[in-house]
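Peer 1: could you work out the structure for the sequence below:
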Amino acid sequence: MNKKSNIFIPGIILVASIVLIIYNVLKNDDFLQSSLVQILSLLTVILVSYFLVQLRNDKSKKNEKINYLLSKIQNIILNEDFIKYQSKEDNQKTLIMIRTVGNKITLLKECENTDENQELISLVDDTFNKLKEFYGDHGHDATYMDNSKKEVMNYISIIDDACDKLHMLLT
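Peer 2: Got it, this is the predicted structure:
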């Protein structure tokens, strides 16, 4: 229904406008006569509208890029292979993923953000730094990591929730 109305209503307006223009051109002799003031005001409205639309498009593009970074962060941290510690190879893969997430968070912090967005990005950054420090301190001790799964999942959950809130603020 929504897609049909998006096409149907503008179509009706367009057809009605064309009919009115044709009627006015044929019946009203003064229709095509315009003063300089009318032309300048029309151009002003068109230019202001254009720049406002461009401004909105730029903001939408920025939000789209931020949403992309947030999605990438969430995909990595929610991956079941994110925090692995059983072997040296697992540790290396985890360290690479941690570095990747850290780089994406740095990119997020560099974006121009509102105060509310900045608070959530700081929460993501702080929680991620705690997780990174925790893994750096205990990632080599498989027994300790097994016993601390709840703490690791808590960090991941906080980051994921903050990313979800940011997604909601940007839409």
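Peer 1: list the residues that contact the most centrally placed residue in the chain.
Peer 2: In the chain, the centroid-proximal residue (C-alpha atoms, centre = their mean) is residue 67; its distance is 2.9 Å. Residues near residue 67 by C-beta atoms under 8 Å, 6 or more residues apart in numbering: 167, 170-171. (C-beta placed from N, C-alpha, C; glycine too.)
Peer 1: can you do 7 Å?
Peer 2: 167, 170 (C-beta atoms under 7 Å, 6 or more residues apart in numbering).
Peer 1: which element follows whichever helix or strand it is part of toward the C-terminus?
Peer 2: Per DSSP states H and E: residue 67 is located in helix 36-77. Next along the chain after helix 36-77, taking DSSP H and E as the criterion, comes helix 88-110.
Peer 1: flag every buried residue along that next one.
Peer 2: By neighbour count on 16 or more other C-beta atoms under 10 Å, the buried set for helix 88-110 is 91, 94, 97-98, 101, 104-105, 108.
Peer 1: will you turn those residues into TSV that also has pLDDT and distance to residue 56?
Peer 2: Listed next are the buried residues of helix 88-110 as TSV, based on pLDDT from 0 to 100; distance: C-beta to C-beta, whole Å:
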residue	pLDDT	distance to residue 56
91	86	46
94	90	41
97	93	36
98	93	37
101	94	31
104	94	26
105	94	27
108	90	22
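Peer 1: helix/strand/coil for the residue located most distally from the centre of the chain?
Peer 2: Going by C-alpha atoms, centre = their mean, the residue of the chain most distant from its centre is residue 29, 52.3 Å out. On the three-state scheme (DSSP: H, G, I helix; E, B strand; the rest coil), residue 29 is labelled coil.
Peer 1: tell me the contacts of residue 140?
Peer 2: So residue 140 contacts residue 91 (C-beta under 7 Å, 6+ apart).
Peer 1: can you tell me the element it falls in?
Peer 2: Per DSSP H and E, there is no helix or strand for residue 140.
Peer 1: what's the distance between it and residue 14?
Peer 2: Separation of residue 140 from residue 14 (C-beta to C-beta, to the nearest Å): 68 Å.
Peer 1: same question, residue 75
Peer 2: Counting by C-beta to C-beta - residue 75 and residue 14 are separated by 43 Å.
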